[in-house]
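> Sequence below, structure please.
(one chain, ligands or ions: 1)
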Amino acid sequence: MLRGVVLDAVLVFIAVLASANEIRATLRTSDTVLELAAGESAPRVVSLSNGQHQFINSAPEALINRVEVAGRWLPLHWSFVPEATQHDSHRVAFVYENQSPHLRLTWEWQARSGFGPIEHALRINNLDSREIWLPLQSSFQFSWNCPTTEALENSFIEKGAGKPSLVGTHVEPIPAGYKWIGTSSTYAHPKANEPREIIPWFLVQEASGARDGWYVGVEFSGRVQTALERDKRQLKGTVGLNPNPGPLRTRVTAGEIFETPTVFLGATHGGLDAAGNVLRRWVREVLGNPATWQNPNFPLLVNNSWGGGMKVNEQIAEAMIRDATDLGLEMFHVDAGWFRGVGDWYPDPQKFPQGLAQIADYAHQHGLKFGLWVDWTQAGLDENPGALNAKDPKVRDWLLNDLPPDWKPEEFKGETIDISVPAAKAWAQDEVERIVSDYHLDMLEHDGYLVAQGCKRRDHPHAPPGERKWVYKDEGFYWVDSSNSTDVSYHATRAYYDIYSHLRKEHPGLLLEVCNDGGRMVDFGSATHADYFSITDSYDPVSNRQAFYDASHVLPSAMLESYVEKWPTPNLGNFIYMLRSGMMGWLTIMIDTTQWTPEQHVAAKEEIKLYKAKLRSLIRDANLYHISPRPDGIQWDGIEYFDPKSNRGVVYAFRGSKNDESTHTYFLEGLHADAEYRVDFHDNTAPDQVLTGRELMDRGLRVTLARPETSELIFLELLR
Ligand SMILES: [Zn+2]
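Prediction:
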């Protein structure tokens, strides 16, 4: 209903200009105004505006100008087909055709919400009777006019991957001569001295003042690249599939459609948090799964069996379930260790003699949901019926690489199959369907190197590898890098999305967790096809806060999961600090809580109660402000939530390890300057106070904590 109402506010103008033979259209949300034009041989973005500041684009979209047919490159001559133009209150599509080979190109922009960014994709439909091969078509290019004197900065966010880096959130100046490239793939495996993968998104804004700017993000998990450079007069760049290592070619059979990764383009002003407060809501409304967000208990509170490691069994699981119930948790999540072997996704009969559904039912009887870890694209060596055996000739052809004869899977890592192969995809789809149904799952977590991004095979749907191939082992997996890597990831990512879309349709309440050895596939495509992310594979308080600080700039907090693992807690304040470091978004406790002391139990129970009563609604709905530098574990750090609708908020205050700094002042944001707020120190580290918004924003909120590595939650409420 709401969506229909807001869309009425989206205006579209179509006008034929008398001077040029050019159709123009405008798409508008409350944040972003986009003027588009259809030239005779190519479309272009004319301008982008936030309502105050207009960015003028000087380049038409660079459409591919050749395709390969039967081994020969043929030139393309695109010409606009005015009668095929489609437009309504929220969508503009300009259509171009090439006669021989017969291809139809649709250049589409869509405003799916009344606020936030506008999405863009480009489709090439092969209407010819012949198979064609396309060179790389990027999703979007821009060349904004940009006066030399304008001071600009580029912001981008790293994935938390295995462990957050020292920087994580980058804000850097864009001087003349600036050149920057960001990349993202299905599995970030950082190498020393190389830039880390980013959550595929960046924001360019004025370095001071109104901070007018714009951002672009990619709704795709495969290998993509964002590129930005500044010369004297222009700020130029491209966004889309990663051209390296190239040259990329992709096959489009007769009747098939190639579609670029969808990008979204938004205008903004007011800085990084202002942009984030629009973007996070937009991701929730437009990309998120409505069925997931309808549950007021999303994000859930979870206990995960990895606290006991691979040794999980029926007795351990049942004891953890009973304790999770007592603590007030809402889901029990069985991690690795439950299966017969890698690729053999059946419960180990020694550990679970009555099967896994029995454990799920036990959790359900205790009022908990039941989640399960499955690395469902990994082949092993088990020979049981139903197992994905790497030596089975059928499975061998699905693998990305030939395995050495002495190859063995690791404890919970095998060899990835390429799910873009139709038979492999069908197997995987049936297998996840069987697992979800047979084991009575409410949540399915995947892990490891799930979606291929490089493959040696020549008989798969993707392009064959080039002459030069690099095969190596890293993070326990074999990798193949070649000119076809991006195309491999393009096809495998589409297959992954198909499998999860199908699974969601069959199981509407099912939750899907994206974990790829931590936060290695955190992007807007995964955000569209699953529900929440493991944001890093390091689980200490500082790593959790760093990964959250970074990812929460662009993704809804509720979708950002922190695993809290056992950490030295000499006093109860340290214990609560450890828990709260994972309580800013989705909390999964990865500790055998039956080992906690009675005192820790009572404290954890209180924190869980508090999360449900006061924190969860803010995590779901409130604006988020990064009110400290990025956590380093030494200094103080903190974040603020404030919900302008309910006029309530909270400050999470963390004191680092530094011994001589017992007091810190946070400058709050998003409050009404003249209004009064009740300020309630939850742990009673200070008496309750009444302060004006101006005092809290300009003079700041002083917090005093007697001991290092402790925390406080300060609740805010507008007084009427
Ligand atoms: Zn392949």
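> can you give me the helices for the stretch 551-700 of the chain?
Assigned helices in the stretch 551-700 of the chain, in chain order: 572-580, 598-610, 616-621, 693-694 (criterion: DSSP state H, counting those that start in this stretch).
> Using PDB, write out the CA atom coordinates for the second one.
This means helix 598-610. Taking Å, rounded to 0.1, in the frame of the first residue of the first chain, the C-alpha atoms of helix 598-610 are listed here in PDB:
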ATOM      1  CA  PRO A 598      25.700 -18.600  37.200                       C
ATOM      2  CA  GLU A 599      26.600 -14.900  37.500                       C
ATOM      3  CA  GLN A 600      27.300 -14.700  33.700                       C
ATOM      4  CA  HIS A 601      24.100 -16.500  33.000                       C
ATOM      5  CA  VAL A 602      22.100 -13.900  34.900                       C
ATOM      6  CA  ALA A 603      23.900 -11.100  33.200                       C
ATOM      7  CA  ALA A 604      23.400 -12.600  29.700                       C
ATOM      8  CA  LYS A 605      19.800 -13.200  30.400                       C
ATOM      9  CA  GLU A 606      19.400  -9.500  31.300                       C
ATOM     10  CA  GLU A 607      21.100  -8.400  28.200                       C
ATOM     11  CA  ILE A 608      19.000 -10.600  26.000                       C
ATOM     12  CA  LYS A 609      15.900  -9.200  27.700                       C
ATOM     13  CA  LEU A 610      17.100  -5.700  27.100                       C
END
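> Residue 431 sits in which helix or strand?
helix 422-438 (DSSP states H and E).
> other SSEs contacting that helix?
Applying 3 or more Cβ pairs under 8 Å, 6 or more residues apart in numbering; DSSP states H and E, we find helix 422-438 packed against strand 443-446, helix 485-506. Backbone N, C-alpha and C define where each C-beta goes, glycine included.
> what angle do that helix and helix 485-506 make?
30 degrees (axes from the mean of the first three to the mean of the last three Cα atoms, to 10 degrees).
> in helix 422-438, what's buried?
424, 425, 427, 428, 429, 431, 432, 435, 436 (16 or more other Cβ atoms under 10 Å).
> From residue 707, how far out is the fourth one?
Spelled out, that is residue 428. 50 Å (Cβ to Cβ, to the nearest Å).
> Residue 241 is in contact with residue 222, isn't it?
Yes: contact status for residue 241 versus residue 222: in contact at 7.2 Å, counting by Cβ atoms under 8 Å.
> Please identify which of the two sits among more neighbours.
A count of neighbours by other Cβ atoms under 10 Å puts residue 222 above the other of residue 241 and residue 222, at 29 against 23.
> just checking, the more buried one is part of a helix?
No: looking at residue 222 with DSSP: H, G, I helix; E, B strand; the rest coil, it is coil, so not inside a helix.
> I am assuming residue 497 contacts residue 525, so please confirm or correct that.
Yes: using Cβ under 8 Å, residue 497 is in contact with residue 525, at 7.0 Å.
> For residue 267, give the beta-bridge partners.
residue 214 (DSSP bridges).
> quick revisit: where do the contact lists of residue 241 and residue 222 overlap?
261, 486, 490 (Cβ atoms under 8 Å, 6 or more residues apart in numbering).
> Next, find the distance separating residue 172 from the ion.
Counting by Cβ to the ion, to the nearest Å, the gap from residue 172 to the ion is 37 Å.
> Identify the spatial nearest neighbour of the residue of the stretch 151-300 of the chain found nearest the ion, chain neighbours not counted.
Residue nearest to the ion within the stretch 151-300 of the chain: residue 251 (12.4 Å; Cβ to the ion). Spatial nearest neighbour of residue 251, excluding adjacent residues (Cβ to Cβ, 6 or more residues apart in numbering): residue 133 at 5.7 Å.
> Which residue would be the closest one in the stretch 251-400 of the chain to the ion?
For the stretch 251-400 of the chain, Cβ to the ion, closest residue to the ion: residue 400, 5.9 Å.
> quick one, what contacts that residue?
Residue 400 sits in contact with 415, 416, 417, 418, 452, 454, 455, 456, 457, 478, 480, 488, where contact means Cβ under 8 Å, 6+ apart.
> So which of those belong to helices?
Among those, DSSP state H puts residue 488 in helices.
> circling back: name the element the residue of the stretch 151-300 of the chain closest to the ion belongs to?
Using DSSP H and E, residue 251 falls in strand 250-252.
> as a whole number, average confidence for that strand?
In this model, strand 250-252 has an average pLDDT of 98.
> Straight-line length of stretch 674-691, end to end?
10 Å (Cα to Cα, to the nearest Å).
> What residues sit buried inside it?
676, 677, 679, 680, 681, 685, 686, 691.
> again, but for stretch 208-217
For stretch 208-217, the neighbour count (16+ other Cβ under 10 Å) marks 211, 212, 213, 214, 215, 216, 217 as buried.
> show me what contacts the residue nearest the centre of the chain?
Nearest residue to the geometric centre of the chain (Cα atoms, centre = their mean): residue 523, 2.9 Å. Residue 523 makes contacts with 184, 199, 200, 218, 219, 220, 221, as judged by Cβ under 8 Å, 6+ apart.
> low pLDDT regions in the stretch 401-550 of the chain?
Within the stretch 401-550 of the chain, not a single segment meets pLDDT under 70.
> what does it put close to the ion?
418, 455, 457, 460 (Cβ under 5 Å from the ion).
> tally of neighbours for the residue nearest to the first one when sequence neighbours are not counted?
In space, and not counting its chain neighbours, residue 418 is closest to residue 452: 4.6 Å by Cβ to Cβ, 6+ apart. Counted with other Cβ under 10 Å, residues neighbouring residue 452 total 33.
> so residue 452 makes contact with residue 424?
No: in this structure, residue 452 is not within contact of residue 424 by Cβ under 8 Å, at 9.8 Å.
> Find residues that contact each of these two.
Joint contacts of residue 452 and residue 424 (Cβ under 8 Å, 6+ apart) are 417, 418.
> mind giving me the domain ranges of this structure?
For the chain, automatic domain parsing gives the domain ranges 2-135, 139-246+263-375+431-448+511-620, 637-719.
> Could you identify which of those domains is most buried?
domain 139-246+263-375+431-448+511-620 (a mean of 20; mean count of other Cβ atoms under 10 Å).
> chain center to it: distance?
7 Å (Cα atoms, centre = their mean, to the nearest Å).
> who are the neighbours in contact with the closest residue to residue 287 other than its chain neighbours?
Using Cβ to Cβ, 6+ apart and skipping residues adjacent in sequence, the residue nearest residue 287 is residue 528, 4.5 Å away. Contact partners of residue 528, counting by Cβ under 8 Å, 6+ apart, are 219, 287, 497.
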